[in-house]
Every structure is written in C-alpha cells, then in structure tokens.
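> Okay, predicted coordinates and the sequence, questions at the end:
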Amino acid sequence: MPGVVRFGVSIEEGLIKKFDKYIEQKNYSNRSEAIRDLIRKNLIEEEWAKNGKVACGIVIVYDHHKRELVNKLMDIQHDYSEVIISTQHVHLDHDNCLEIVAAKGNVKKVEQLANKMSSLKGVKHCSAAKTTSGLEL
C-alpha cells in the first residue's frame, strides 16, 4: 500500500483489551483505523490550541418566543458573516428551534461567535463541534 507506514506498538495487556472493546463499540474494522482517528483527534485539538484556521458546527436550541432573541441571534450572525459558511433553522415544536451554524476561520473568531450566541437569554443549549479545516491534516 503506497504512502502507508507500518510500525509496531507495545501496549500493556489491560490497555489493549480496553482499546479492543472501544474499537468494537465504535464499529472500527481494525486497530489501525481507530489509531488513525485518535491521532487526528489530537492533532485537531492542537490546531485549535494554536489559534489556526479551523471549522466548527455550532448547534443551538432556543425558545423562539423569547423577546428579541431571534433578532439578537441574527445580529450576531451578521457581525460574524466572515466566518459563517451556512446556517440551518429547524422548528422542533411550537416553542423551540434548533439552529446549526457552520463556521470556518480563525479560532478566536469562531469561539467568539459560539460564546456570544450561547450567552443569550433564552438559549437553552449551545455546543460547538470543533473540527479541522483540513489544511493541517
């Protein structure tokens, strides 16, 4: 297989048993796939720590009846239009909305965007799924 490096790893028996259970739970086909994903995950965390160019999915659940909340969310999104790639709005029920904001850019700007939306009164939950722009991997 071109471009692939094979290497040996020494791991304590108890740790490899736990790792094999992890592999089975996550439906990996082999240890190599799981190790590759764990390496990528750590490299992405490092990318975020270095304030590089990153990507993120910000998921927000909020009460759309909360006075002025929708307008405040829109204002924030317009203020950060340079990092927002797209948004998706979903009506969960009569009172609650789900909004998914895809963002790409400088770590500080993306984190500011998530924090500003998260801190608004009426936002019930906000989480950021941090990932990579793909440039560093």
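Great, that's in hand.
> what helix or strand is residue 48 on?
Counting by DSSP states H and E, the element that carries residue 48 is helix 31-49.
> From the chain's centroid, how far away is stretch 88-103?
Computed by Cα atoms, centre = their mean, to the nearest Å, the separation of stretch 88-103 from the middle of its chain amounts to 17 Å.
> Stretch 103-115 now?
Between the mean C-alpha location of stretch 103-115 and the chain-wide mean there is a distance of 11 Å, by Cα atoms, centre = their mean.
> Dump the helix holding residue 48 to PDB, restricted to CA.
Output of helix 31-49 as PDB, limited to C-alpha atoms (Å, rounded to 0.1, in the frame of the first residue of the first chain):
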ATOM      1  CA  ARG A  31      -6.900  -1.200  15.300                       C
ATOM      2  CA  SER A  32      -5.200   0.900  12.600                       C
ATOM      3  CA  GLU A  33      -8.400   2.800  11.700                       C
ATOM      4  CA  ALA A  34      -9.000   3.600  15.400                       C
ATOM      5  CA  ILE A  35      -5.400   4.700  16.000                       C
ATOM      6  CA  ARG A  36      -5.600   7.000  12.900                       C
ATOM      7  CA  ASP A  37      -8.800   8.600  14.200                       C
ATOM      8  CA  LEU A  38      -7.300   9.100  17.700                       C
ATOM      9  CA  ILE A  39      -4.200  10.700  16.200                       C
ATOM     10  CA  ARG A  40      -6.300  13.000  14.000                       C
ATOM     11  CA  LYS A  41      -8.500  14.000  17.000                       C
ATOM     12  CA  ASN A  42      -5.400  15.000  19.000                       C
ATOM     13  CA  LEU A  43      -3.900  16.900  16.000                       C
ATOM     14  CA  ILE A  44      -7.200  18.800  15.700                       C
ATOM     15  CA  GLU A  45      -7.200  19.700  19.400                       C
ATOM     16  CA  GLU A  46      -3.600  21.000  18.800                       C
ATOM     17  CA  GLU A  47      -4.800  23.000  15.800                       C
ATOM     18  CA  TRP A  48      -7.400  24.700  18.000                       C
ATOM     19  CA  ALA A  49      -4.900  25.400  20.700                       C
END
